[in-house]
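Visitor: Please find the sequence and the predicted model below.
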Amino acid sequence: MKKPRVSVIKDNIKEGDSIPQAHNDGVVGKWIDNVMESKGHTVDKTGVMDLPEYGIDNKSRKKGSKTPHSIGSQTIEKWEAIENFEDTDIYKKVQNQNQITYSTSFNVITDVRIIDFDIDIIQEALKDIYKNIRQKIVEGDRRKCIYSDCKRATAECYTHENSYKLRLTDKFMTQIKNLAGSRDTFTSLFEFKQS
């Protein structure tokens, strides 16, 4: 059964907002958290979700970037211990995202959209990716970058030796956005009535 979702955040970051000079996503991410907090939103800077009251994670990205999208990290111990994708913090981060794109050429926000990942085909693909990468970690794979067999995701441990960060390829994220967008368009064009 589909969970209720937030499709609009009142007083969200807006296209055209000026950002500080940014040399990486982290600078913009912190700025986003601070601005959202100043607008009265509850922001959890150390928890699983940035906006826990909405069940949404903020994700900032430089316009034109083709690098894989960072989703979330887990210690190797958690990768090994947690078999079910739905029981992970990573799962919580791929339900709804407030994706914010920025330009460093003009130091401005260029796009803001909430992406709904809670579509069966997306969740099944993410579950398969988690299962595949987890199996490799359980079997002792400790490469710095572990690719999923489907090539849609990686698990990377460049910053911390004892944890792997799940990242989705730009191509796969584009497919997710297209699926979410087409479902929203379809829903807005057709009203379903229960009998």
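Guide: That came in fine, so what should we check first? Numbering: from 1, shown residues only.

Visitor: what are the phi and psi angles of Arg167?
Guide: Dihedral pair for Arg167: phi -130, psi 140, per degrees, to the nearest 10.

Visitor: Check the burial of the residue nearest to it when sequence neighbours are not counted by counting its neighbours.
Guide: The shortest distance from Arg167 to any non-neighbouring residue, by C-beta to C-beta, 6 or more residues apart in numbering, is to Pro68 (3.7 Å). To be clear about C-beta, it is placed using only N, CA and C from the backbone, and glycine gets the same treatment. For Pro68, the tally of surrounding residues (other C-beta atoms under 10 Å) stands at 20.

Visitor: Please tell me how far the residue positioned nearest the centre of the chain sits from Asn84.
Guide: Nearest residue to the geometric centre of the chain (C-alpha atoms, centre = their mean): Ile71, 4.6 Å. Using C-beta to C-beta, to the nearest Å, one gets 17 Å for the distance from Ile71 to Asn84.

Visitor: One more: Lys59?
Guide: From Lys59 to Asn84 the distance is 24 Å (C-beta to C-beta).

Visitor: So Ile13, which state does it fall into?
Guide: Following DSSP: H, G, I helix; E, B strand; the rest coil, the label given to Ile13 is coil.

Visitor: what do you get for Ser73?
Guide: Following three-state DSSP, the label given to Ser73 is strand.
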